[in-house]
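Q: Pasting the sequence and the predicted model now:
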Amino acid sequence: MKSQKFTYKNSGVNIKNADKFIDFISDLTKKTKKSGNFKNIGGFGAISNIPKNFKNPHIVTSTDGVGTKLEIANEIKKFNTIGIDLVAMCVNDLIVQGAKPFLFLDYISIDKINLKKMKEIIRGIVKGCELSSCNLVGGETAEMPGTYSPGKFDLAGFSVGLVEEKNILINKIKENDLILAIPSNGIHSNGFSLVRAILKTNKININRNKYLKKELIKPTKIYVKEIINLINKNLINGCANITGGGLESNIKRIIPKNLCANIDLNKIKIQKIFKWLKNSGITDIEMLKTFNCGVGFCIIINKKNLNKVKLKFEKKYKPYVIGKISKNKKKVNLSGKINW
């Protein structure tokens, strides 16, 4: 019997392609480096300078993924925005604590490195870091034949933020504060398993539906610039990133003991994509607990600051009042009904 020559490449892992990809990332991130003269991309670990403009800094960390929105990207073969989603899912959680995003690392796992696809993904990640003013300092790319079927991949992100102790958004919410909704950029990155089930059941080919093809891949809005601006001016008492679990579950996480967020569902401004989902056979309750329903982020403010806060946002993401804080042991009270 003829002996077989085994190589890592023959087993499905191409180290040379991985090295080319690392070189590409290194070149792409040179313009956005904030970590001094350290060469982080391709190293064993990332080294960064500690900012000197903090008096009493605290570290805030967050990690997340994009979920099955990846399957939409694969189906329509559009990969240059999914990286923005990845960064957004992490940094939008940091700012809820009052933290300014500082560092970001990514993890990409795939069946086989496709340089064209991988470059598009990383361009999106770099764009997301630029939008959130944080530095992509490293990550990991894993080629895993046999674990992922052909063309499949997964993404995970890890972010680090810094916040002055006086800016930490904990226990600042007061009775009579206003609850403001900041519009989302569509579905963002939650609920796509349900979206895909609807597409499959109704035999909808999104490549033949211009509206859905464009709408379902819209990147998650990154709220960093606006929220950090408000925090620096002491205009926010609390905020919530509206992701999986919807409005009620996420608002509940930030309401102090003996206070209640009273939200009037009638005031929510519904976007077209959510009307489409609702008309596909989803109940009101399921819509509210699965999707952001047009509210991508919430901020809680003193009512005297309402006009000042609104001025910090462009028209598309202009916040509007959906409720008020009152005394109550129940943390969230939903009233009214969404006007689908």
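A: Yep, it's here. Numbers count the residues shown, from 1 in each chain.
Q: Mark out where each domain of the protein begins and ends.
A: Here the domain parsing of the chain from automatic domain parsing is 15-40+55-167, 178-185+221-335.
Q: Secondary structure class of Val91, three-state.
A: At Val91 the chain is in helix, as set by DSSP: H, G, I helix; E, B strand; the rest coil.
Q: mind checking pLDDT for Ser189?
A: With respect to pLDDT, Ser189 has a value of 97.
Q: for the protein, which spans come out with low pLDDT?
A: Scanning the chain for pLDDT under 70 picks out 1-4, 6-44.
Q: Can you show me the helices along it?
A: Using DSSP state H, the helices of the chain run over 15-29, 69-76, 82-96, 115-131, 192-201, 210-215, 224-232, 246-252, 272-278, 284-290, 306-310.
Q: Next, the residues that contact the second one from outside, please.
A: This points to helix 69-76. Helix 69-76 has contacts (C-beta atoms under 8 Å, 6 or more residues apart in numbering) with 79, 81-82, 85, 151-155, 189, 192, 195-196, 206-207, 213, 216-217. Heads up, the C-betas are built off the backbone N, CA and C, glycines and all.
Q: ok, 7 Å please
A: Helix 69-76 is contacted by residues 79, 82, 85, 151, 153-155, 189, 192, 196, 206-207, 213, 216-217 when judged by C-beta atoms under 7 Å, 6 or more residues apart in numbering.
Q: what's the answer for stretch 274-292, then?
A: 184, 187-188, 190-191, 194, 198, 242, 245-249, 293-294, 338, 340.
Q: Tell me which residues of that stretch come out buried.
A: 274, 277-278, 282, 287-292 (16 or more other C-beta atoms under 10 Å).
Q: Span of that stretch from start to end?
A: Start-to-end span of stretch 274-292 (C-alpha to C-alpha, to the nearest Å) is 9 Å.
Q: Mind checking which of the contacts of stretch 274-292 are buried?
A: Using 16+ other C-beta under 10 Å, the buried members of the contacts of stretch 274-292 are 184, 187-188, 190-191, 194, 242, 245-248, 293-294, 338.
Q: Nearest the geometric middle of the chain, what residue?
A: Centroid-nearest residue in the chain, with C-alpha atoms, centre = their mean: Met89, separated by 2.0 Å.
Q: That one and Ile227, how far apart?
A: In this view, Met89 and Ile227 are 15 Å apart by C-beta to C-beta, to the nearest Å.
Q: Gly65 too?
A: Taken as C-beta to C-beta, the span from Gly65 to Ile227 is 22 Å.
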